[in-house]
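# Here is the input, now give the coordinates:
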Amino acid sequence: QMVLLLCASALLYALYRWVIPAVAQHHAGLALLWHEVMVEWMLDTVTRSTRPQRLLGAVQKNATRGDPGSVIQAIDHYCRNKEWAMNVGDEKGCILDSVVSEVNPATVLELGTYCGYSTVRIARLLPPHAKLITLEFNPAVAAIARQVIAWAGLEDKVQLVEGASGDFIPRIKEQFGVKTFDLVFLDHWKEYYLPDTKLMEECGLLRKGSVLLADNVVCPGAPDYLEYVRSSPRYESRYFKSHLEYTKVEDGLEKSVFLG
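Predicted coordinates for the structure are as follows:
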């Protein structure tokens, strides 16, 4: 009976550690179910902490304070080797970096801060005196993001706001003194990509040449948003093929230039 128990335990461990993660690397639905539901719940239960708290712990343990590059490296290493998380990730992060460098924006809006990974990627590339406003709906996650951004030494470049995008976007001009955004990074709830884009248009937050960059347009996907920016005469749109963060599942970024 003890041998059977040991064999069962070994089999379960192998399934958890190697077999299911290997299959999930190539299957979109399984990847999201496994990482976003099963593993997160198991680790939350066992460690009595949250994924954002564990990410912060990895940063504090492995990253050099004041060094944004080391913060990015610490999170990527943790997510590739310990626990998946819904950052834009290292592969798509390089595409994000290239767009930020190309646009060289003075004003940036990020919708969906999560733990601050993409915020750090963007902020470290901004010119002096640029303004990055990032919005996070979950206050507990926003508290973690503030610490990650501060650890990277970028708190002076970033204004993190808590709240819902639909409430926040109409108040931006009055509350933050921003006329228009040079770059908008959409990485929040996918069903809000389209309504929030239309709301930004209505509120006059986009100028001719403003760039929208949207993550996860294939997995989990934002089909209505894609259809809109690709068919509207108001946008010139291009797809950058890549993979879902830390997997081999196809995903990508959509870069859309507002034509006015």
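
# would residue 191 count as being in a helix?
Yes. Residue 191 forms part of a helix when assessed by DSSP: H, G, I helix; E, B strand; the rest coil.

# Use 57 as the first number from now on
All set: I'll call the first residue 57, so the last point we hit is now residue 247.

# quick one: contacts for it?
residue 278 (C-beta atoms under 8 Å, 6 or more residues apart in numbering). For the C-beta atoms, the positions are set from N, CA and C on the backbone; glycine is no exception.

# The strand or helix carrying residue 255 - contacts with which helices or strands?
According to DSSP states H and E, residue 255 maps onto helix 249-258. Helix 249-258 makes packing contacts with helix 221-224, strand 237-242, strand 262-270, helix 279-287 when contacts are defined by 3 or more C-beta pairs under 8 Å, 6 or more residues apart in numbering; DSSP states H and E.

# list the buried ones in that helix?
249, 250, 252, 253, 255, 256 (16 or more other C-beta atoms under 10 Å).

# now swap in stretch 258-272 and tell me
Buried residues in stretch 258-272 (16+ other C-beta under 10 Å): 261, 262, 266, 267, 268, 269, 270, 271, 272.

# repeat for stretch 232-244
Applying 16+ other C-beta under 10 Å to stretch 232-244 flags 234, 236, 237, 238, 239, 240, 241, 242, 243, 244 as buried.

# Return that stretch as PDB; C-alpha atoms alone will do.
Coordinates of each C-alpha in stretch 232-244 appear next as PDB, following Å, rounded to 0.1, in the frame of the first residue of the first chain:
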ATOM      1  CA  PHE A 232      -4.300  65.100 -15.200                       C
ATOM      2  CA  GLY A 233      -3.900  68.000 -17.600                       C
ATOM      3  CA  VAL A 234      -3.200  65.700 -20.600                       C
ATOM      4  CA  LYS A 235      -4.500  66.900 -23.900                       C
ATOM      5  CA  THR A 236      -3.800  63.800 -26.000                       C
ATOM      6  CA  PHE A 237      -1.700  60.600 -25.600                       C
ATOM      7  CA  ASP A 238       1.200  59.800 -28.000                       C
ATOM      8  CA  LEU A 239       0.900  56.100 -27.000                       C
ATOM      9  CA  VAL A 240      -1.800  53.900 -25.400                       C
ATOM     10  CA  PHE A 241      -1.000  50.400 -24.300                       C
ATOM     11  CA  LEU A 242      -4.100  48.300 -23.900                       C
ATOM     12  CA  ASP A 243      -3.600  45.300 -21.600                       C
ATOM     13  CA  HIS A 244      -6.700  45.100 -19.300                       C
END
